[in-house]
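>>> Below are the sequence and a predicted model for it; my questions follow.
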Amino acid sequence: MLTFCYSEVHRTVLTDIDRNKMGSWPYVIGLRRPKKAEDRLMGSGGKLQYLTMTTENPTAGDLAPAPLVTCKLCLCEQSLDKMTTLQECRCLFCTACLKQYLQLAIREGCGSPIACPDTVCLNHGTLQEAEIACLVPVDQFQLYQRLKFEREVHLDPYRTWCPVADCQTVCPVASSDPGQPVQVECPSCHLKFCSCCKDAWHAEVSCRESQPVVLPTEHGALFGTDTEAPIKQCPVCRVYIERNEGCAQMMCKNCKHTFCWYCLQNLDNDIFLRHYDKGPCRNKLGHSRASVMWNRTQVVGILVGLGIIALVTSPLLLLASPCIICCVCKSCRGKKKKHEPSTT
């Protein structure tokens, strides 16, 4: 037991006898000053009174645990010091998951912007360049900057890449009507080519519908017409796409356009893949007949399921429609009254 006393100015006084009994000074907890003057520990005669307390070690329950936050990617609970908050949308993820997400996005060729990993992010946030630089290695960040620059050039109607493989020069494009080809001259290799099809400049003929393969010429790398070419351009955004093997139904990562690799026909609305049942692309999908039928069965099942859900919920929606209309009208009326000027 330790013995303490208070003076009128709330100083702690310890007698010499008590000091000798204590020996070394122990850890003391829980000592507070009185909140009011009448709560001072003074006797009726003005003498000091002694207060006794124990010096036991604090229990584990006295210390509040650090708050844990659930990461939306790995669904694990982490402490706040292991989490990272995005500046734009304020979404919270653990730093390890965010690093893996960014490195995977950059390796897959994703330039700018890199969206928030949360697919249901209400603010549709994107990661800032400073955040990416802090979370990925230097070589990955340099690759991200290069991909970002390439994307900017592809989306800029007044800039284009020189089609020569060893040149890699950004060429300025003169302004013209949309879709109207103009002559472009590379400032490095002085090649003159078409701004639309990137072929050698053709003043008196129109651009060909497809420019699939890169062929060596005296000027470098221009385009040919081989349908089996490993490198082609997207029919919409003209981004270069390489196909080694696999399915012939391609989706452009830049503009999300779906097309046939062989004939470049639009397949955005061909959910049953009927394009590969006839014509020159027959049986060229790259999958077995059984897998194609299974895919069609899945699509039909999804459509039937959506139809059943619509039939089941339609009577409920009809019954609830008066309540919904009343709530909407009430809300609109309240907003209208709120914005009306008050008459005095």
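Alright, I've got the coordinates. The model shown is predicted, which means the values in this text are computed figures rather than measured ones. Residues are numbered from 1 along each chain as shown.
>>> What about Leu86, how many residues nearby?
20 (other CB atoms under 10 Å). Heads up, the C-betas are built off the backbone N, CA and C, glycines and all.
>>> Need the pLDDT of it.
Note on Leu86: pLDDT of 92.
>>> Verify the stated contact: it with Glu131.
Yes: using CB atoms under 8 Å, Leu86 is in contact with Glu131, at 6.9 Å.
>>> wait, what's in contact with the closest residue to Arg243 other than its chain neighbours?
With sequence-adjacent residues excluded and distances taken as CB to CB, 6 or more residues apart in numbering, Arg243 is closest to Trp261, at 5.8 Å. Shown in contact with Trp261 (CB atoms under 8 Å, 6 or more residues apart in numbering): Lys232, Arg243, Ala248, Gln249, Met250.
>>> make it 10 Å
Neighbouring residues of Trp261 by CB atoms under 10 Å, 6 or more residues apart in numbering: 212, 227-229, 232, 241, 243, 246-250, 267, 281, 284-286.
>>> Among the residues you listed, the buried ones, what's the ChimeraX command?
With 16 or more other CB atoms under 10 Å as the criterion, this ChimeraX line picks the buried residues out of the contacts of Trp261:
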select :212,229,232,241,248,249,250,267,281,285
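>>> Which ones among the contacts of Trp261 lie within strands?
Residues of the contacts of Trp261 located in strands (DSSP state E): Lys232, Ile241, Gln249, Met250.
>>> Look up how far Glu245 lies from the nearest residue to the last one once chain neighbours are set aside.
Of all residues beyond its chain neighbours, the one nearest Met250 is Trp261 (5.1 Å), with distances taken as CB to CB, 6+ apart. Remark: distance between Trp261 and Glu245 (CB to CB, to the nearest Å) = 11 Å.
>>> list residues touching both of these two?
Common neighbours of Trp261 and Glu245, counting by CB under 10 Å, 6+ apart, are Gly286.
>>> Isn't Glu242 up against Cys234?
No: applying CB atoms under 10 Å as the test, Glu242 and Cys234 come out as separate, 11.8 Å apart.
>>> So which of these two has more stuff around it?
Neighbours per residue (other CB under 10 Å) separate Glu242 from Cys234, with Cys234 holding more: 20 against 8.
>>> Tell me how far that one lies from Thr258.
In terms of CB to CB, Cys234 sits 10 Å off from Thr258.
>>> One more: Leu318?
If you measure Leu318 against Thr258 using CB to CB, the figure is 37 Å.
>>> And the two? Which one has more around it.
Thr258 (13 against 9).
>>> what's near enough to touch that one?
Gln249, Met250, Met251, Cys252, Asn266, Leu267, Asp268, Asn269, Asp270.
>>> Could you pull out the strands in the stretch 1-150 of the chain for me?
In the stretch 1-150 of the chain, the strands defined using DSSP state E, counting those that start in this stretch lie at 2-6, 12-13, 50-53, 68-70, 77-79, 83-85, 92-94.
>>> Okay, helices next: where are they in the protein?
For the chain, helices defined by DSSP state H occupy the ranges 16-22, 95-107, 129-135, 138-155, 289-339.
>>> which parts of the fourth one are buried?
To tie it back to what came earlier, the one meant is helix 138-155. Buried residues in helix 138-155 (16+ other CB under 10 Å): Gln140, Phe141, Leu143, Tyr144, Gln145, Leu147, Lys148, Glu150, Arg151, His154.
>>> now for it, which elements pack on it?
helix 95-107, helix 129-135, strand 159-161, strand 170-172 (3 or more CB pairs under 10 Å, 6 or more residues apart in numbering; DSSP states H and E).
>>> Tell me which of the ones you listed lies nearest to Met293.
Smallest distance to Met293 across the helices and strands packed on helix 138-155 (CB to CB): 33.0 Å, for helix 95-107.
>>> before we move on, back to that, please identify the most buried of the helices of the chain.
helix 95-107 (a mean of 17; mean count of other CB atoms under 10 Å).
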